[in-house]
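Undergrad: Okay, sequence plus prediction incoming.
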Amino acid sequence: MAVRLGDIVPDFTAESTQGPIRFHEWIGNNWVIFFSHPKDFTPVCTTELGAVAKLKDKFAQKGVKVVALSVDSVDDHKKWIKDINETQSCVVDYPIIGDPERKVANLYDMIHPNAIDNLTIRSVFVIGPDKKLKLTLTYPASTGRNFDELFRVVESLQLTAKYSVATPANWKPGQDCIISPSVKDEDVPGKFPKGHKVIKPYLRTTPQPNL
Ligand code: BEZ
């Protein structure tokens, strides 16, 4: 059964390039980006894992840990990391889970046989410190993901978890936010002292509250 938004994500123990991982314990009090890729020693995956390595410190500054997975072995991952580091000019020092028996892949519904037979697709799970699923994405093997976009999404998720706001289409940090419909008009000035605009009764905006 697929993991859905708001679900507590399945816990598991698995081997990784950084040693064994007990997933819930490893998440701790962090946000997590857990992403799968189809196969080691493949071109798009090589660029993706390199892109994540380059963003790892930026994610860490926001309290976000990253972890990858494919149905290859940890030994293969370790050999492949050398190629990723060489070709993408990076240091992959985040864990890549080995899942040759497809235990975690099946738990997270990462194998879609009508897309690619018996290999993990490009799944992304953004998980909150409460271990609940906040976002999921599914990409085909032929399209590499935009990890800058995932960073933007995490910034929105962290902001909207703390304040009664939502972020509009194509929002970037620093831009105005939408006041949640659940906030009553009379409560708006007290909750949003930086000011607000009423564009329609259901579309009210305010400067980003935490800046
Ligand atoms: C790739 O990463 O380039 C790839 C992986 C599996 C199937 C097709 C492409």
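TA: Good, I have the coordinates. Owing to the predicted nature of the structure, the values given are computational and were not obtained by experimental measurement. Residues are numbered from 1 along each chain as shown.
Undergrad: Every contact and neighbour count from this point should use C-alpha atoms.
TA: Will do.
Undergrad: can you give me the strands in this structure?
TA: 13-14, 21-22, 31-36, 64-70, 96-98, 122-127, 133-139, 165-166, 177-179, 197-200, 203-206 (DSSP state E).
Undergrad: Check what pLDDT the residue lying farthest from the centre of the chain gets.
TA: Farthest-out residue of the chain from its mean C-alpha position, per Cα atoms, centre = their mean: Glu186, at 35.7 Å. Glu186 is assigned 98 on the pLDDT scale.
Undergrad: Now do the contacts for it.
TA: Taking Cα atoms under 8 Å, 6 or more residues apart in numbering, we find Glu186 in contact with no residue.
Undergrad: What separation is there between it and Gln208?
TA: 19 Å (Cα to Cα, to the nearest Å).
Undergrad: before we move on, the earlier item: now tabulate the strands of the chain in a markdown table and tack on distance to Asn106.
TA: Output for those, formatted as a markdown table (distance: least, Cα to Cα, whole Å):
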| stretch | distance to Asn106 |
| --- | --- |
| strand 13-14 | 13 |
| strand 21-22 | 17 |
| strand 31-36 | 12 |
| strand 64-70 | 11 |
| strand 96-98 | 13 |
| strand 122-127 | 12 |
| strand 133-139 | 15 |
| strand 165-166 | 33 |
| strand 177-179 | 38 |
| strand 197-200 | 45 |
| strand 203-206 | 41 |
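Undergrad: Can I get the ones you listed in CSV including mean pLDDT?
TA: Converted to CSV, those look like this (pLDDT from 0 to 100):
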stretch, mean pLDDT
strand 13-14, 98
strand 21-22, 98
strand 31-36, 98
strand 64-70, 98
strand 96-98, 98
strand 122-127, 98
strand 133-139, 97
strand 165-166, 98
strand 177-179, 98
strand 197-200, 98
strand 203-206, 98
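Undergrad: Mind checking those strands for the one nearest to Lys82?
TA: With Cα to Cα, the closest approach to Lys82 among those belongs to strand 96-98: 13.1 Å.
Undergrad: Quick one: list the elements packing against the closest one.
TA: Using 3 or more Cα pairs under 8 Å, 6 or more residues apart in numbering; DSSP states H and E, the elements in contact with strand 96-98 are strand 64-70, helix 74-88.
Undergrad: at 10 Å instead, please
TA: strand 13-14, strand 31-36, strand 64-70, helix 74-88 (3 or more Cα pairs under 10 Å, 6 or more residues apart in numbering; DSSP states H and E).
Undergrad: Does Ala141 touch His112 like I think?
TA: No - using Cα atoms under 10 Å, Ala141 is not in contact with His112, being 11.0 Å away.
Undergrad: check whether the lengthiest helix in the chain contacts the ligand.
TA: Criterion DSSP state H: the longest helix present in the chain is helix 43-61. Yes - using Cα under 6 Å from any ligand atom, we find that helix 43-61 touches the ligand at 43-45.
Undergrad: buried sites along that helix?
TA: 44-56, 59 (16 or more other Cα atoms under 10 Å).
Undergrad: Work out the gap between that helix and the centre of the chain.
TA: 12 Å (Cα atoms, centre = their mean, to the nearest Å).
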